[in-house]
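Visitor: Give the three-dimensional model of this entry:
(one chain, ligands or ions: 3)
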Amino acid sequence: MVKLTIDGKAIESKEGKTIIQAASDNNIVIPTLCYNEELTPTGSCRVCVVEVIADGVSTLVSSCDTPVKEGIEVYTNSENAIKARKYAIQMLYSQNSEAPAIRALAGKYNITEKLPVEESECIGCGRCYKVCSEVVERKCIDMSVGGLSNMNEKLSVKWNFDNCIACGACAYVCPTHAVSIHDEDGVRTMITPNAKHEFSMKKCSDCGKYYAPNVQIEWMKEKTGLSDDKFDRCMDCR
Ligand code: SF4
Ligand code: SF4
Ligand code: FES
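Guide: Numbers count the residues shown, from 1 in each chain. Ligands and ions are numbered 1, 2, ... in the order given. Next up is the predicted model:
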């Protein structure tokens, strides 16, 4: 176990846990945007920034990807931490002031002014990349480091649909709706920040409703080893 303090509270945490996990275990809430506890962190948005004092030296770190260490003092709302967090939120707000998650953070920290940066629906959080590679295990999304945003390097994501099963997990975790899926007339359309792709869907043999993309059904057949006829009908008609 590792002993540390968070906001003056002495706590013990398992080695290997991150600061945000240790805080959460002790009911201390740190704001986040790119973090998703089911995925490994990208540490890209810096909203979760905290001040850490170790051996008398103060540093600002993102709490979602920084492990706890013996003897550190963590301050989640010190003047330095708040200043850095506000700047990170202002950067996000300047890129995309429409996303509800960003608007909520901006409202909480009284941010109304934008910085002169390029506006973009995608804020490069990397969640889509993580879910596709770590959960769905299809690795359809490339993530690379793009331009600088002063505080940290901005990530950019790019889709390769060859391996995509149109499951929609990337759209589900996207905090800004920069990725979305739409089903219409037997076609699932995926709209991503830099490309759009259409997938044909399978029709239920009973009710006639289109219920899943064909590529996804092929993937399920492969995963489960079940015969073709098991996928003839939608969930409601099975
Ligand atoms: S829809 Fe495609 S890109 Fe998105 S998570 Fe699923 S397989 Fe990956
Ligand atoms: S598309 Fe969405 S999930 Fe992916 S990096 Fe951009 S904002 Fe994040
Ligand atoms: S929530 Fe930690 S860097 Fe985004």
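Visitor: After the helix or strand bottoming out on mean pLDDT in the chain, which helix or strand is next?
Guide: Ranked by mean pLDDT, DSSP states H and E, the weakest helix or strand in the chain is strand 141-148, scoring a mean of 71. Heading C-terminal from strand 141-148, the first helix or strand you meet, by DSSP states H and E, is strand 153-159.
Visitor: can you tell if that next one touches ligand 2?
Guide: Yes: with CB under 6 Å from any ligand atom as the criterion, ligand 2 is reached by strand 153-159 at Val157. C-betas here are computed from N, CA, C, even on glycine.
Visitor: and if you look at stretch 17-37?
Guide: No: under the criterion of CB under 6 Å from any ligand atom, ligand 2 is not reached by stretch 17-37; the shortest gap measures 7.0 Å.
Visitor: Next, the buried residues of stretch 112-132.
Guide: Within stretch 112-132, the residues that count as buried by 16 or more other CB atoms under 10 Å are 117, 120-132.
Visitor: Return the set of buried residues in stretch 189-201.
Guide: Per 16+ other CB under 10 Å, stretch 189-201 contains these buried residues: Met190, Thr192, Pro193, Phe199, Met201.
Visitor: Of those, which one scores lowest on pLDDT?
Guide: The lowest pLDDT within the buried residues of stretch 189-201 belongs to Pro193, which sits at 88.
Visitor: related to what we said a few turns ago, the buried residues of stretch 112-132 also near ligand 2: which ones?
Guide: Applying CB under 6 Å from any ligand atom to these, those adjacent to ligand 2 are Cys122, Ile123, Gly124, Cys125, Gly126, Arg127, Cys128.
Visitor: Once you drop chain neighbours, what's closest to the residue located most distally from the centre of the chain?
Guide: In terms of distance from the mean C-alpha position of the chain, Asp206 ranks first, at 37.7 Å (CA atoms, centre = their mean). Closest residue to Asp206 apart from its sequence neighbours, by CB to CB, 6 or more residues apart in numbering: Cys237 at 3.9 Å.
Visitor: Tell me the pLDDT of the one you found.
Guide: 87.
Visitor: rewinding a little: farthest-separated two in the buried residues of stretch 189-201?
Guide: Pro193 and Met201 (23.4 Å; CB to CB).
Visitor: Would you map the strands across this protein?
Guide: Remark: strands assigned in the chain by DSSP state E are 2-6, 9-13, 49-54, 57-62, 73-75, 141-148, 153-159, 180-184, 187-191, 196-203, 210-213.
Visitor: Perfect, that will be all.
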